[in-house]
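# One predicted model, sequence on top.
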Amino acid sequence: MRWIIRLFRVLSEYVNGWVLAVVAAIILLIAFFVWVDKKTKVRRAGEYRVKTPEGSVLICHCFDREHYEVAGLKKQRRILTIPRTVDGVHEITRLGLNEYNGEKAFKKVKHIKLPVSLVDVNEKAMFGNNYSYHMNAFGYFPNLKTITVEEGNPKFRAEGAMLYKGKSKLMAVAPGHFGAVMIGKEITKIAASALLDLKYATAFEVEEGNPKYKSIEGVIYSLNGKKLLRYPILKLGSKFAVPEGVKKIQAEAFFRQRYLQRIEMPESLREIGCAAFCESRLLRQVILNDKLRILGLEAFARTKVRELVLPEGLREAEIGSIPVKELVIPEKLGMVTVYERDEGEGFLWADKLIIENPALDLEALENEEGKDSLFTCKKIYAYEGSLPYRQMDKVKDTYVIDLFALPGKKYDEPPQHIGPTDTGWYSLDKEEFHISTPAELAGLSKLLEEEEFEGETTIIYLDADLDMSQYPNFKPIPEFEDIFDGGGHTISNLHIYRPTENRVGLFRSLGFYGRVKNLHVQGEVTGGNCTGGIVGELGFGTLENSSFEGKVEGYGYFGKKYGLKGFHY
């Protein structure tokens, strides 16, 4: 307190008494908070720093005004014992380390002791752009070898490097575990992140009699062999052929694999999950199968793959992170997304993009930040008149893009209405309508196109069969939010030819309240992605007791009654 008294004496020579009193009060208040800080370890509201018996310092956050989670670690020791409480009263119930409130990798920690109070381990921890990847619950402890749980814990148990929830769920494996990881026959569920970040794992073995999983040469699969779940990071071998019968490679299955250089897919494969081969630094050659349908986000990001042929059967793919200089978008690939860098900026790795799909919507590549990654690519090839060609022709000078026309095909822009339209049946003050002529159906399309169809949810009844022969290229009805009851009638000779448009059908899409029922349609429909005979994109709407007879062609997702159930973007 001597320095405070000296300060008072100095100030008293220059200031009035009341000013001195205010200054003194402020200084005393600061001194009080410093004393409280030292006594209670409180750094700010809801946060405690707790010293463990071994000398580590935990950063604990209060998440519900009563319970705390371990969110970070300041000092490290070889053994980390997490106490039951932060202050003898408030319990530590959650282990929640993550990228945003954790510290750097805690390399010194070799053993963790979890308290009886702990009831939640963050099995869904994720990191990366837009939370792209899962992470081992103990991923910040790269050299952790063993885990123990205090006796009496109601949720967890541990054996060596393995942490279990109850009797049958594997929650996590200590990242420092070396060699084979054994999955017992009683394990019927494995957390998505449990086998990740195991940089010393050489094999995954499954005990005979397990009802959910199996292992073949150290690789773990679902019991029926349809899913490849995880490939060990330290498994030796430069080549691997995924077995026939596998339909899906799980997200991050080969994440950070250290030795693979060549991978070959079986004809049975339909989906490659998010980041499946991401950061497999030696991977150079990938042979994709013709029937592959989905290529997930960043599947081959940060590998040495420099040539990749996307198969003709591909319907949906993330194309931005594929590390090739030239990328060909096949005709049937209708749904594309792009990788986003850490700054939130879209990025397309390829310098040269060859687009064979005439309806590929390049504007859809704009990310959430509004930055169009496409413009990082400077050479684009597309068919003249196609949707991507028209889009790029408008901005090529602004973004200094070289646009080239692919030889062999040329498309005309789809026409507007050809044929009579009748909108006289519509009135804003009604909620129920009846139509019985082709022109009235064309009028519905026009009303929605011009946004004149308003009001509460309405019902439209079709009172007669319709022959649409007089419309050589009917313009689809825009997004429909109401009820259309076909009454069991048939719309015949419907002709729609719009190969450079997406969401094509008698109805382009159904909104949340959209409902089409009791309708039969006959004709020919051609469109881009999300093309259907009756509905292009079903969205959250419903299609009931309806049928289509005829021919439907499209790119990406298309089908007889509807193209896609759900949403395109």
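Structure received. This is a predicted model, so every value here is computed, not measured.
# what are the phi and psi values for residue 135?
phi -150, psi 140 (degrees, to the nearest 10).
# low pLDDT regions in the stretch 301-450 of the chain?
Within the stretch 301-450 of the chain, the ranges that satisfy pLDDT under 70 run 340-347, 365-375, 416-417.
# ditto for the stretch 101-250 of the chain
101-104, 123-133.
# now with 80?
101-105, 122-134 (pLDDT under 80).
# ranges for the helices of it?
Per DSSP state H, counting those that start in this stretch, the stretch 101-250 of the chain carries no helices over any range.
# Counting neighbours, what do you get for residue 266?
Around residue 266 there are 15 other residues, counting by other C-beta atoms under 10 Å. Using the backbone N, CA and C atoms, a C-beta is placed for each residue, glycine as well.
# In three-state terms, label it for me.
coil (DSSP: H, G, I helix; E, B strand; the rest coil).
# Just the terminal-to-terminal distance for stretch 220-233.
One end of stretch 220-233 sits 12 Å from the other (C-alpha to C-alpha, to the nearest Å).
# ah, wrong one, I meant stretch 209-219
17 Å.
# Any idea how far it is from the middle of the chain?
28 Å (C-alpha atoms, centre = their mean, to the nearest Å).
# same check, this time on stretch 192-211
For stretch 192-211, the distance to the chain centre is 24 Å (C-alpha atoms, centre = their mean).
# May I see the buried residues of that stretch?
192-198, 200-201, 203-204, 206, 210 (16 or more other C-beta atoms under 10 Å).
# Make a markdown table from the residues you listed and add distance to residue 150 to it.
Formatted as a markdown table, the buried residues of stretch 192-211 follow (distance: C-beta to C-beta, whole Å):
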| residue | distance to residue 150 |
| --- | --- |
| 192 | 26 |
| 193 | 23 |
| 194 | 21 |
| 195 | 25 |
| 196 | 26 |
| 197 | 25 |
| 198 | 25 |
| 200 | 27 |
| 201 | 27 |
| 203 | 31 |
| 204 | 28 |
| 206 | 29 |
| 210 | 28 |
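# now, which of these lie within strands?
Those of those mapping onto strands are 201, 203-204, 206, per DSSP state E.
# Could you dump the residues you listed into TSV with distance to residue 565 added?
Below are these laid out as TSV (distance: C-beta to C-beta, whole Å):
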residue	distance to residue 565
201	39
203	40
204	35
206	35
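# quick check, nearest of those residues to residue 563?
Nearest to residue 563 out of these is residue 204 (C-beta to C-beta; 39.4 Å).
# From residue 228, how far off is the closest one?
Per C-beta to C-beta, to the nearest Å, residue 204 is found 11 Å from residue 228.
# and for these two, which residues touch both?
With contacts taken as C-beta atoms under 8 Å, 6 or more residues apart in numbering, the residues that reach both residue 204 and residue 228 are 219-220.
# Looking at the ones in strands among the buried residues of stretch 192-211, which one is closest to residue 334?
For these, the nearest to residue 334 is residue 204 (36.2 Å; C-beta to C-beta).
# Give the closest residue to the closest one in space, chain neighbours not counted.
residue 220 (4.0 Å; C-beta to C-beta, 6 or more residues apart in numbering).
# Please apply the same query to residue 201.
Leaving aside its sequence neighbours, residue 201 sits nearest to residue 232 (C-beta to C-beta, 6+ apart; 4.5 Å).
# Now do the contacts for the one you found.
So residue 232 contacts 181, 198, 201-204, 218-219, 257 (C-beta under 8 Å, 6+ apart).
# at 10 Å what do you get?
Applying C-beta atoms under 10 Å, 6 or more residues apart in numbering to residue 232 gives the contacts 179-181, 195, 198-204, 218-220, 254, 257-259.
# For stretch 252-269, buried residues please.
Those would be 252-257, 259-260, 263, 265, 268-269, for stretch 252-269 by 16+ other C-beta under 10 Å.
# Next one: the residue nearest to residue 201 relative to residue 276, how far apart?
On the measure of C-beta to C-beta, residue 232 and residue 276 end up 15 Å apart.
# Surely residue 463 is in contact with residue 434?
Yes: with contact defined as C-beta atoms under 10 Å, residue 463 reaches residue 434; the gap is 5.1 Å.
# From the opening residue of stretch 332-339 to its closing one, how far?
Using C-alpha to C-alpha, the two ends of stretch 332-339 sit 21 Å apart.
# is it true that residue 496 lies in a strand?
Yes: assessed by three-state DSSP, residue 496 belongs to a strand.
# for the stretch 451-569 of the chain, what spans make up the strands?
459-462, 466-467, 483-485, 490-497, 507-509, 515-517, 520-526, 531-532, 535-537, 542-544, 547-553, 558-559, 562-564 (DSSP state E, counting those that start in this stretch).
# Residue 359: which of the ones you listed is closest?
strand 531-532 (8.8 Å).
# Give me the distance between the closest one and the centre of its chain.
Centre to centre, stretch against its chain (C-alpha atoms, centre = their mean), the figure for strand 531-532 is 25 Å.
# ok, residues contacting it?
Here strand 531-532 makes contact (C-beta under 10 Å, 6+ apart) with 334, 359, 476, 496, 498-499, 501-509, 521, 525, 537-538, 543, 548, 552-565.
# buried subset of the residues you listed?
Here, 16+ other C-beta under 10 Å leaves 334, 359, 476, 496, 498-499, 501-509, 521, 525, 537-538, 543, 548, 552, 554-565 buried among the contacts of strand 531-532.
# Please identify which pair of the buried residues of stretch 252-269 lies farthest apart.
256 and 268 (25.7 Å).
# Which helix or strand contains residue 392?
Using DSSP states H and E, residue 392 maps to helix 387-395.
# Remind me what that helix packs against, helices and strands.
strand 352-355, strand 379-384, strand 402-410 (3 or more C-beta pairs under 10 Å, 6 or more residues apart in numbering; DSSP states H and E).
# Distance from the longest one to the middle of the chain?
Relative to the mean C-alpha coordinate of its chain, strand 402-410 is positioned 33 Å out (C-alpha atoms, centre = their mean).
# Between strand 379-384 and it, find me the angle.
Calculated by axes from the mean of the first three to the mean of the last three C-alpha atoms, to 10 degrees, strand 402-410 forms an angle of 30 degrees with strand 379-384.
# Following element in sequence after strand 402-410, please.
Assigned by DSSP H and E, the successor of strand 402-410 is strand 432-435.
# Now that next one: buried residues?
433, 435.
# And the contacts of it?
Taking C-beta under 10 Å, 6+ apart as the rule, strand 432-435 contacts 422, 425-427, 440-444, 453, 458-464, 466, 482-485, 487.
# Parallel or antiparallel, list what pairs with that strand.
In the sheet, strand 432-435 lines up against strand 459-462 (parallel) (DSSP bridges).
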